[in-house]
Structures are given as structure tokens and as C-alpha cells.
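S.K.: Sharing a model that was predicted from the sequence below.
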Amino acid sequence: MSATCRIRLTVNGLPVMAAVEPRLLLADFLRERLELTGTHLGCEHGVCGACTVLLDDAAVRACLLFAVQTDGANITTVEGLAPDGRLSALQECFRERHALQCGFCTPGILITAHALLVENPTPTRAQVRHAISGHLCRCTGYVPIVDAILAAAARLAANA
């Protein structure tokens, strides 16, 4: 029998208590236990960025963290960017500017872009490109992604 650890955390604004094996990855906990399948698993080595989530407002790779490491933390997944079921301004701009094709990388990029816009509401094109440089997208060529993030920044600034 495997030993389990009890964890308490907040996921997308909701309290979560669970018993988890110490070796359970955060990505697997989110996908399998909480059914938050927007957190994608690609490389499982922290290289592709598909599993990116916010951990206490910092973008992190969920495939590189154990769930037990998040005890007491606040986690936001891509599902948490639209808690009321309406797309966020960032998600709307991705849709409007066709910044996704297969969609596999999109959740991780959205999380990273969200973190960027919270930290820097008016990024330059170069800053956006740098922020998403840790994400692999094989479909878009990144141009529409960068354009969507800059459009979201402008939309958020206009609504502020």
C-alpha cells in the first residue's frame, strides 16, 4: 500500500482537499483527479509548455511539480481564466486573431500570456515573444499568437 499525503489548496478559486501519493505530478492531479483537462501533457520534461499553470500567480510547468508541493497554494488552470463561462479578453483575442490551430499548446500559452499581462500590461512585441519563447507551437508560426496577446493588452488597457 502506498503512503498518501493530505493536501489543501485552491484551484481556480475553489478549495480542494485530497489525499495524494507523494510522487503524483501536479499535471496528473489536475487532469485525472480534478478533471481539468485543459492542462495538457506534451513532453513531460518541462520543455514544451503545454502544462503551464499559475502557482500563486507565477507561471510554472505542472509536469515538473508534485501535487504535494502545492499544499497551501493557489493554482489557476486555463479553465480558471474564464470562471463564469465567458471567455476572457485574452481568450477572445486568440479566437478573433486565429491564434490557435490544433489548440494543444494554447492553454499553456494563454496562462503564460495572462501572467505576462498581469505583470506588464503594456508589453512590446519583443517582450511578448520573449515571454512565450518557452512554448512549442507547431501550427501557427507564433505571429498570430503575438498579435493576439498585444490585442488583448490594448483591449484590457482600454477597459481599465
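M.R.: That came in fine, so what should we check first?
S.K.: all contacts plus neighbour counts: C-alpha atoms, from now on.
M.R.: OK.
S.K.: need the contact list for the nearest residue to L54 once chain neighbours are set aside.
M.R.: Nearest residue to L54 in three dimensions, chain neighbours excluded: T76, at 4.9 Å (CA to CA, 6 or more residues apart in numbering). Shown in contact with T76 (CA atoms under 8 Å, 6 or more residues apart in numbering): V11, N12, G13, V53, L54, L55, D57.
S.K.: Okay, T76 and T10: tell me how far apart.
M.R.: 8 Å (CA to CA, to the nearest Å).
S.K.: sorry, back to before: just put the contacts of T76 in TSV and tack on pLDDT, distance to I132 and secondary structure.
M.R.: TSV is the format used below for the contacts of T76 (pLDDT from 0 to 100; distance: CA to CA, whole Å; DSSP: H, G, I helix; E, B strand; the rest coil):
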residue	pLDDT	distance to I132	secondary structure
V11	98	23	strand
N12	97	22	coil
G13	97	25	coil
V53	98	13	strand
L54	98	14	strand
L55	98	17	strand
D57	95	16	coil
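S.K.: Using PyMOL, define a selection of the buried residues within the residues you listed.
M.R.: Per 16 or more other CA atoms under 10 Å, the buried members of those correspond to this PyMOL selection:
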select buried, resi 11+12+53+54+55+57
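S.K.: Next, give me the two most distant ones among the contacts of T76.
M.R.: G13 and V53 (13.5 Å; CA to CA).
S.K.: count of residues packed around C5?
M.R.: Residues near C5, counting by other CA atoms under 10 Å, number 13.
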